[in-house]
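Chemist: return a 3D structure for these sequence lines:
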Amino acid sequence: MSDCEEKIYSNDYVDFIISKDVLDVIDLSSDCIQRIDEEKDTYFYPRSFFRIFDFPADSYASVPKCYGLLDETALEVSGILKLQQQPALALKGQGVMIGFIDTGIDYRNPVFQYSDGTTRIYRIWDQTIRDGTKPEGIAYGSEYKTEQINAALRAENPLETVPSMDTNGHGTFVAGVACGSEDVEDNFIGAAPFSEIAVVKLKEAKTYLREFYFIPDSVPAYQENDIMMAVSYLDRLAKERDMPLVICMTWSTNRWKSRWRKICRAFSLRCGQMRRSFMRYRSARPPGKCCQKCLIGAVEDRSLSLFSSRQESASTTG
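Modeler: Take a look at the predicted model:
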């Protein structure tokens, strides 16, 4: 397992996302395979065996795409506060898990704690830390549970107990906007202040992928297979808690194509910067209607039109 971990992090090994239908046709083998879900795996091979730039065009689908960070708008602009003030709706995230796949979270911030000072965070999976306890079935990163985070909050130096940090600040900002606890003194409240939180801090993309996609070293970039692993991990946590799950994704790529079609969860996609482009969206559905396709079109004034495969439509502004 330790040998496989080194290959997952090493720039001397290339990553390939292989789906089950490919394995039904081609017999592939590798001494390092990371299971993503029942349909997909990541295979790792020495770079000396492959020249990625020599691949035929139809092989690019196996090469992980890279994603970059997007910004989030303020609560006042989104219209969240108006919804929260409707007593009949009581929309504050009760009984819901919100998963964040981002640059991490500052778990020490009071907006991610209950009034008694204990954490609202159920799990943190930090893909960048290698010396902690790995999540079950995952060969890399370190997982920190509620009990460990609470122990860290009681400690004089929390980072000695739970060393996960958000050095970028993007993930903490997004989580605060989405589900920060109410701070009356500073007149702040997140969209879902009563929700439970789960976090995945992504590791940065390997150098060979940055070179492949011409991504500057100064720009944060994250690999598709790490994101897919994060989605699968959050889905498993929600099943453990028997809770509905909303996954917040505030990053994007200009080569968008969803690979997590079997995950029947709600995805929150930040698409304001895409303006007139279209993106696929999949939401949680009742049995028999799971993962029905919708097209989301980002248009002027932050207005979205949703079109389902049944030709039903709805409009929402925010």
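Chemist: C-alpha from now on. contacts and neighbour counts both.
Modeler: Noted.
Chemist: count the residues that sit near Gly117.
Modeler: As a burial measure, Gly117 scores 14 neighbours (other C-alpha atoms under 10 Å).
Chemist: helix/strand/coil for it?
Modeler: What DSSP: H, G, I helix; E, B strand; the rest coil gives for Gly117 is coil.
Chemist: contacting residues around it?
Modeler: Pro110 (C-alpha atoms under 8 Å, 6 or more residues apart in numbering).
Chemist: so how many other residues sit close to Asp41?
Modeler: 19.
Chemist: once you drop chain neighbours, what's closest to it?
Modeler: Arg35 (4.5 Å; C-alpha to C-alpha, 6 or more residues apart in numbering).
Chemist: got it, and Thr167?
Modeler: Using C-alpha to C-alpha, 6+ apart, the nearest residue to Thr167 is Thr103, at 7.7 Å.
Chemist: got it, and Glu160?
Modeler: Ala152 (7.5 Å).
Chemist: which residues of the chain score low on pLDDT?
Modeler: 1-2, 24-25, 50-59, 71-91, 184, 254-318 (pLDDT under 70).
Chemist: need the helices for it, in chain order.
Modeler: Applying DSSP state H to the chain gives helices spanning 2-9, 20-23, 75-78, 80-84, 146-154, 170-179, 207-213, 224-241.
Chemist: between these, which gets nearest to Tyr43?
Modeler: Nearest to Tyr43, of all these, is helix 2-9, at 9.3 Å by C-alpha to C-alpha.
Chemist: who touches the closest one?
Modeler: Against helix 2-9 from outside (C-alpha under 8 Å, 6+ apart): Tyr13, Asp15, Asp31, Cys32, Ile33, Phe44, Ala139, Tyr140, Lys206.
Chemist: go again with 7 Å.
Modeler: Tyr13, Cys32, Phe44, Ala139, Tyr140 (C-alpha atoms under 7 Å, 6 or more residues apart in numbering).
Chemist: got the angle for it vs helix 224-241?
Modeler: For helix 2-9 against helix 224-241, the angle by axes from the mean of the first three to the mean of the last three C-alpha atoms, to 10 degrees is 120 degrees.
Chemist: hey, C-alpha coordinates of helix 2-9 in CSV?
Modeler: Extracted in CSV, the C-alpha atoms of helix 2-9 (Å, rounded to 0.1, in the frame of the first residue of the first chain):
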residue,chain,number,x,y,z
SER,A,2,2.9,2.4,0.8
ASP,A,3,4.4,1.7,-2.6
CYS,A,4,1.1,2.6,-4.3
GLU,A,5,0.8,5.8,-2.2
GLU,A,6,4.2,6.9,-3.5
LYS,A,7,3.0,6.4,-7.1
ILE,A,8,-0.2,8.4,-6.5
TYR,A,9,1.9,11.4,-5.4
